[in-house]
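In: next one to model:
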Amino acid sequence: MKPVTGVPRGNVQLMKAINEGAVLKLVRDLGPVSRAQIARLSGLTLPTVGSLLEALSAQGVVQTVGLGASSGGRKPLLYEFNPDAALVIGVDAGGTKMAGGLANLSGQILARTTLTRESGPSDPYQRLVALIGSLLEQAPRGAVIRGIGLGVPGVTSLVEGVVTLSPSLGWVDFPLGRKLEEAFGLPVFLDNDVNTILLGERWFGAAREARNALCVAVGTGIGAAILMDGQLYRGAHEAAGEVGYMISGRDSLRRPRPGRSTFGFLEEQAAGPGIARRGTAALGFPVDAPEVMRLARESNPAARAVVQETVEHLGLAITNMACLLDPELVILTGGVMRSADLLLDPIREVLERLV
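Out: The predicted model follows:
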């Protein structure tokens, strides 16, 4: 880790914020840690580290925990991260279900709330507002809420806080960040939902040791997140990973181009609504995706054929992603993957046969 240098004078505050974040990460990851250790690992000077630690201590996110061993002089003061200095709200704003949590700064969840189209307002934005309001009501009296983090299905602008395209929520160029900041008076950070899942796996889960990984979420839609050399890859238009528009069969070439508010070719086949559509056609009566999976477990031939087609579409798509990106691992998630007992091993077999 190196200090930030060469930043234009007008961006001094940005430089300070970046260095402060670097110091906080070291304290969080390595604490209890001394000022000298932080300076050595970050490349920052001792006075700069001291100033940054004072600022972080004033915010309450860093605290002293006694003295370390002496190497010949005065014993050094040790610092550690204080995860209980504040709380944050995190929300998965899914097209079918919205789930949120109130957590401390280490990710320990203190309260949870879930709303669906049936249990909350029919309008997605109003449903999201109701969910966040419920979480705020569950916060302990006097708690400091630092901000709201959102994972949104579709293309998002990280800097502008705008949802560029989310077919499952019906949003196009929707200024979600600004609207929520006005509603709650808190900082709002939003990103593609699968990006946030992969970041969580990078920090706490299956991708902790990975530098290159792929996360594919199969739910109401299908999206992917790409970890490349330890960083999220976003693409030229922040739309990297929109694999729901991948072509997984030649028949896709004969279909009309999808509009800005419609799902992509792969999603039409292998996402939850696509599975339900194909299942309804094959069985001759209305079913949703979980019902198709249940019938497949009961060896219904039509349902098993739909599941096999789903495996083939997903297997081909993941095969192509793996060949292009060469990840260390592939993480599968999303509502459809609750039926991993029917999907995971067959998808593995497709990859082992083709890659």
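In: so residue 93 sits against residue 193, correct?
Out: Yes: with contact defined as CB atoms under 8 Å, residue 93 and residue 193 form a contacting pair (7.1 Å). C-betas here are computed from N, CA, C, even on glycine.
In: what is in contact with the two at once?
Out: Common neighbours of residue 93 and residue 193, counting by CB atoms under 8 Å, 6 or more residues apart in numbering, are 151-153.
In: possible to save the residues you listed as CSV with distance to residue 52, secondary structure and pLDDT?
Out: Compiled in CSV, the shared contacts of residue 93 and residue 193 are given as follows (distance: CB to CB, whole Å; DSSP: H, G, I helix; E, B strand; the rest coil; pLDDT from 0 to 100):
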residue, distance to residue 52, secondary structure, pLDDT
151, 30, strand, 95
152, 32, strand, 94
153, 37, coil, 89
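In: nearest to residue 171, of the residues you listed?
Out: residue 152 (8.0 Å; CB to CB).
In: skipping its backbone neighbours, what lies nearest that closest one in space?
Out: residue 93 (5.0 Å; CB to CB, 6 or more residues apart in numbering).
In: contacting residues for residue 59?
Out: Shown in contact with residue 59 (CB under 8 Å, 6+ apart): residue 85.
In: ok, so what distance separates it from residue 86?
Out: Distance of residue 59 to residue 86, computed by CB to CB, to the nearest Å: 8 Å.
In: what sits against residue 99?
Out: 91-92, 112-114.
In: where do the strands sit along the stretch 1-150 of the chain?
Out: Remark: strands assigned in the stretch 1-150 of the chain by DSSP state E, counting those that start in this stretch are 33-34, 62-67, 77-81, 87-93, 97-104, 109-116, 145-152.
In: can I get those in TSV including distance to residue 168?
Out: Listed next are the strands of the stretch 1-150 of the chain as TSV, based on distance: least, CB to CB, whole Å:
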stretch	distance to residue 168
strand 33-34	43
strand 62-67	40
strand 77-81	36
strand 87-93	9
strand 97-104	11
strand 109-116	13
strand 145-152	9
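In: could you identify which of those strands is most buried?
Out: strand 87-93 (a mean of 22; mean count of other CB atoms under 10 Å).
In: may I have that one exported as CSV, CA atoms only?
Out: Backbone C-alpha positions of strand 87-93 (Å, rounded to 0.1, in the frame of the first residue of the first chain) are rendered in CSV as follows:
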residue,chain,number,x,y,z
LEU,A,87,-24.6,1.5,12.3
VAL,A,88,-25.4,1.1,8.6
ILE,A,89,-28.4,0.0,6.6
GLY,A,90,-27.9,-2.5,3.7
VAL,A,91,-30.7,-3.4,1.3
ASP,A,92,-31.0,-6.0,-1.5
ALA,A,93,-33.6,-4.3,-3.7
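In: could you check the angle strand 97-104 makes with that strand?
Out: Using axes from the mean of the first three to the mean of the last three CA atoms, to 10 degrees, the inter-axis angle of strand 87-93 relative to strand 97-104 is 170 degrees.
In: give the pairing partners of strand 87-93; include direction for each.
Out: Taking DSSP bridges as the criterion, strand 87-93 forms sheet pairs with strand 97-104 (antiparallel), strand 145-152 (parallel).
In: could I get the full set of strands for the stretch 251-355 of the chain?
Out: Ranges of strands within the stretch 251-355 of the chain are 329-333, based on DSSP E, counting those that start in this stretch.
In: avg pLDDT for stretch 265-274?
Out: On average, the pLDDT along stretch 265-274 is 91.
In: if I pick the residue lying closest to residue 32 once chain neighbours are set aside, what's in contact with it?
Out: Leaving aside its sequence neighbours, residue 32 sits nearest to residue 78 (CB to CB, 6+ apart; 3.8 Å). Shown in contact with residue 78 (CB under 8 Å, 6+ apart): 31-34, 64-68.
In: what's the most distant pair in these?
Out: The distance between the two most remote of the contacts of residue 78 (CB to CB) is 14.0 Å, for 31 and 67.
In: element containing the closest residue to residue 241 other than its chain neighbours, please.
Out: Spatially, and ignoring its direct neighbours in sequence, residue 241 is nearest to residue 224 (4.1 Å; CB to CB, 6+ apart). Per DSSP states H and E: residue 224 is located in strand 222-228.
In: how about residues contacting the helix or strand following that strand?
Out: Following strand 222-228 in sequence order, the next helix or strand is strand 231-232 (DSSP H and E). Applying CB under 8 Å, 6+ apart, the external contacts of strand 231-232 come out as 195, 198-199, 225-226.
In: which of those sit farthest apart?
Out: 199 and 226 (11.8 Å).
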